[in-house]
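> Quick one, fold the following:
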Amino acid sequence: MDKYEILKTYFGYDSFRDGQEELIDSLLRGRDVLGVMPTGAGKSLCYQVPALLMEGITLVISPLISLMKDQVRALNSAGIHAAYLNSSLTPGQYRKALDYARMGRYPIIYVAPERLTTEEFLDFARNAPISMISVDEAHCVSQWGQDFRPSYLKIARFIDKLPRRPVLGAFTATATREVQDDIVRMLELQSPRVLTAGFNRPNLYFSVQTPRDRYAVVKNYLQTHQEESGIIYCLTRKTVEEVCERLREDGFLATRYHAGLKDEERQRNQDDFIYDRSPVMVATNAFGMGIDKSNVRFVIHYQMPKNMESYYQEAGRAGRDGEPAECILLYGGQDVITNQFFIEHGQDNEELDAVSRALVQEQDRERLKKMTFYCFTNECLREYILRYFGEYGEGYCGNCLNCLTQFETVDVTEIARSLIDCVRSCGQRYGINVLIDTIHGARTAKIRQYRMNENPQYGAWSKEPAYRLRQILNYLLLKGYLQTTNDEYFLVKLTEKSRGGLAGEERLLMKLAREQEQLPKEKRSRKRKGKAAAGLSGVEFTEEAQRLFDKLRALRTEIAREEQVPPYIVFSDKTLVLMSVQRPKNKKEMLAVSGVGAFKYEKYGERFLKCLEKNG
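Sure, this is the predicted structure:
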């Protein structure tokens, strides 16, 4: 078979996505590669296809047990023999898997980085025909990345111990230019083909909201999206527990995931989510890396994460099937303080020396600022994300909250001058809340204690809503007129741009929403017609197609229970939508549906054809 036959037979696709074929061809020619491809772009195929064409074994180095299990389960379901080697196996199971590997049973083996330096695995690797090594989640090798794992530093030393250097591929969803350079250097890639597939995911809708009651927003959203699966990310274990408990009390099928749970419960809860028994997962960032659940229709960040890399990776777990999905971030000022605490007291970089740790913390603080600015901007949210990763869009995407909100340009020069003067006259000693309370004229004990009621700007804008004053102060931070200190206090300071104030005729214009209500009423629900059909360009998803889709989905659930696999392993939502629209009547027509390969047709094709015939 050639690469196209493998693509269709095992994975059910007729053509490669952008970037995939170029990386596959490079690996087949024996050239190292670095692929930076957003979640859902098909990174796995870039090493799985060449692995089936090469002689010998492909080792896939992967950071999480759940990631390996998910990938191996999907490969085995597609008719490809694969295995994983990690701490979840008993000693007997581990040795048996190695024995099968020595016999050449597995063309693809997933392995945890910690296993690379054990004598048993090294003995196997030195005597096995290893043709390729693929490093998944390669950003973990960089201490400048958002998820540095010291165990990844062992990869290059492991490769040096092999009798023959295999071709090496590195793949990640999010990596700035600095992190890409670090990956090439730390993994010792040799003249690699570096390909960035682009970070734009047009099917994702982005929204930032600053609600007074975050739980009420989540509850209302779930009530209008009851049949959909999604993830709610929280910063702390305590918040995960509180939100999950309240959702269950309100009748939602929700489960939870964080590092404080026992392994058995984490695995059980993860399975409940993957198998759609609990369609809503409430979790910390400990959940999700490598979870290939294609029908996640929404990701809600209950609190702001610590950097854009983490946010985009977590948000990107929505809509992996290419269908419309929503990414909603609920922001509050306390989120900044919580993240700052994690940066100052985190345990992620214990293996670094004091100087390196200080440098990493400084960079983490800077990335936190840029994450915070994302929550402030009134410009296109997608454009902000793309610029962060070094790309540029058109400035208007039409599929984010800011692009769908009606703004008006307002002259905020006088308020800005008052804020800058307030910072100067108080000696640059206070944070955002004190400054806002001062110019708003708040009569609090803290204002009296700090004697800010004696400040010349006290009460200067008492008739202006406090939220609007905060928006303008955030805008001054975003535009560099003010800055905050990189410490736990976040004191507001002047910059070179503002030391002279807003001088002379200089005017400061700002886009502001016409109402405090950010989302226009007609856009508030964003309820989709049909399950996911809007992503199928040029196809009308009728009520009849929706009815047929529901029948196909029920059959998929039945098969998934019989085989004890997640429903999306059988067929993705997108494939079911195509079946319900195209209505294939025979094997040839069924194999023409994207996502239906020869192996899966042999397993499931006849049952789906009968379902289509019966309900068509």
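
> Contact partners for the nearest residue to Gly316 once chain neighbours are set aside?
Excluding its sequence neighbours, the residue lying closest to Gly316 (C-beta to C-beta, 6 or more residues apart in numbering) is Thr39, at 3.4 Å. Where you see a C-beta, it was placed from the backbone N, CA and C, and this is true even at glycine. Listed by C-beta atoms under 8 Å, 6 or more residues apart in numbering, the contact partners of Thr39 are 173, 201, 313, 316-317, 320.

> pull the longest helix from this protein.
Ordering each helix of the chain by length in residues (DSSP state H) puts helix 354-376 first.

> moving C-terminal of that one, what's the next helix or strand?
Tracing the chain C-terminally past helix 354-376 and defining elements by DSSP states H and E, one meets helix 381-388 next.

> Going by secondary structure, Asn339 is in what exactly?
Using DSSP H and E, Asn339 falls within helix 333-345.

> no, scratch that, I was asking about Asp123
Going by DSSP H and E, Asp123 is part of helix 119-127.

> List the buried residues in that helix.
Neighbour counts using 16 or more other C-beta atoms under 10 Å place 121, 124-125 of helix 119-127 among the buried residues.

> Tell me the pLDDT of Arg526.
Here, the pLDDT recorded for Arg526 equals 46.

> ok, back up a step: give me the contact list for the helix holding Asn339.
235-236, 303-306, 361, 364-365, 368, 371-372, 432-433, 487-488, 490.

> if we go to 6 Å?
235, 303-304, 306, 361, 364, 368, 372, 488 (C-beta atoms under 6 Å, 6 or more residues apart in numbering).

> same check, this time on stretch 245-261
222, 237, 240, 244, 266, 269, 272-273, 278-284, 286-287.

> hang on, the earlier thing: and the residue nearest to Gly316, which of the three is it?
coil (DSSP: H, G, I helix; E, B strand; the rest coil).

> model confidence over the helix holding Asn339, on average?
pLDDT averaged over helix 333-345 gives 86.

> buried ones in it?
For helix 333-345, the neighbour count (16+ other C-beta under 10 Å) marks 333, 335-336, 338-340, 343 as buried.

> domain assignment for the protein?
The record's domain parsing of the chain by automatic domain parsing lists 3-196, 204-404, 409-512, 533-615.

> angle of the helix holding Asn339 against helix 354-376?
Inter-element angle recorded for helix 333-345 and helix 354-376: 170 degrees (by axes from the mean of the first three to the mean of the last three C-alpha atoms, to 10 degrees).

> Please save the CA atoms from helix 333-345 in PDB.
Taking Å, rounded to 0.1, in the frame of the first residue of the first chain, the C-alpha atoms of helix 333-345 are listed here in PDB:
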ATOM      1  CA  GLY A 333      -9.800  40.200  38.600                       C
ATOM      2  CA  GLN A 334      -9.100  37.500  41.200                       C
ATOM      3  CA  ASP A 335      -8.000  35.200  38.500                       C
ATOM      4  CA  VAL A 336      -4.800  37.300  38.000                       C
ATOM      5  CA  ILE A 337      -4.000  37.000  41.700                       C
ATOM      6  CA  THR A 338      -4.600  33.300  41.800                       C
ATOM      7  CA  ASN A 339      -2.300  32.700  38.700                       C
ATOM      8  CA  GLN A 340       0.400  35.000  40.200                       C
ATOM      9  CA  PHE A 341       0.300  32.800  43.300                       C
ATOM     10  CA  PHE A 342       0.800  29.700  41.200                       C
ATOM     11  CA  ILE A 343       3.700  31.300  39.400                       C
ATOM     12  CA  GLU A 344       5.400  32.300  42.700                       C
ATOM     13  CA  HIS A 345       4.800  29.100  44.600                       C
END
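
> Which of the contacts of helix 333-345 ranks first by neighbour count?
Neighbour counts for the contacts of helix 333-345 peak at Met304, which has 26 neighbours (criterion: other C-beta atoms under 10 Å).

> Confirm that that one lies within a strand, as I assumed.
No: when three-state DSSP is applied, Met304 is found to be coil, with no strand at that position.

> And the contacts of the helix or strand hosting Ala554?
Ala554 is located in helix 543-563, with elements delineated by DSSP H and E. By C-beta under 6 Å, 6+ apart, the residues outside helix 543-563 that reach it are 530-531, 567, 570, 576, 579-581, 611, 615.

> Output those residues as a markdown table; include the columns distance to Leu98, neighbour count and secondary structure.
Shown next, in a markdown table, are the contacts of helix 543-563 (distance: C-beta to C-beta, whole Å; neighbours: other C-beta atoms under 10 Å; DSSP: H, G, I helix; E, B strand; the rest coil):
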| residue | distance to Leu98 | neighbour count | secondary structure |
| --- | --- | --- | --- |
| Gly530 | 48 | 19 | coil |
| Lys531 | 43 | 23 | coil |
| Pro567 | 32 | 23 | helix |
| Val570 | 30 | 23 | helix |
| Leu576 | 38 | 28 | helix |
| Met579 | 41 | 25 | helix |
| Ser580 | 45 | 26 | helix |
| Val581 | 46 | 19 | helix |
| Cys611 | 42 | 18 | helix |
| Asn615 | 48 | 15 | helix |
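
> As a quick check, tell me the outermost residue of this structure.
Glu454 (47.2 Å; C-alpha atoms, centre = their mean).

> Each with direction, which strands does whatever helix or strand Ser131 lives in pair with?
Using DSSP H and E, Ser131 falls within strand 130-135. When pairing is defined by DSSP bridges, strand 130-135 lines up against strand 57-61 (parallel), strand 167-172 (parallel).

> got those strands as CSV, with mean pLDDT and distance to Arg31 columns?
As requested, these are exported to CSV (pLDDT from 0 to 100; distance: least, C-beta to C-beta, whole Å):
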stretch, mean pLDDT, distance to Arg31
strand 57-61, 95, 15
strand 167-172, 95, 7
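
> where does Gly19 sit relative to Arg193, distance-wise?
Applying C-beta to C-beta, to the nearest Å, one obtains 10 Å for the distance of Gly19 from Arg193.

> Next: Ala460.
Distance, Ala460 to Arg193, using C-beta to C-beta: 59 Å.

> Tell me which of those two has more neighbours.
Ala460 (20 against 17).

> What backbone torsions are found at the more buried one?
Here the main-chain torsion angles of Ala460 (degrees, to the nearest 10) amount to phi -60, psi -30.

> mind listing what it touches?
418, 439.

> about what we covered before: pull the most distant pair out of the contacts of helix 333-345.
Gln303 and Gln361 (20.4 Å; C-beta to C-beta).

> coming back round to it: now, the contacts of stretch 245-261 that are in strands?
280-283 (DSSP state E).

> Let's have those in JSON lines, adding neighbour count.
Listed next are the ones in strands among the contacts of stretch 245-261 as JSON lines, based on neighbours: other C-beta atoms under 10 Å:
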{"residue": "Val280", "neighbour count": "25"}
{"residue": "Met281", "neighbour count": "28"}
{"residue": "Val282", "neighbour count": "31"}
{"residue": "Ala283", "neighbour count": "24"}
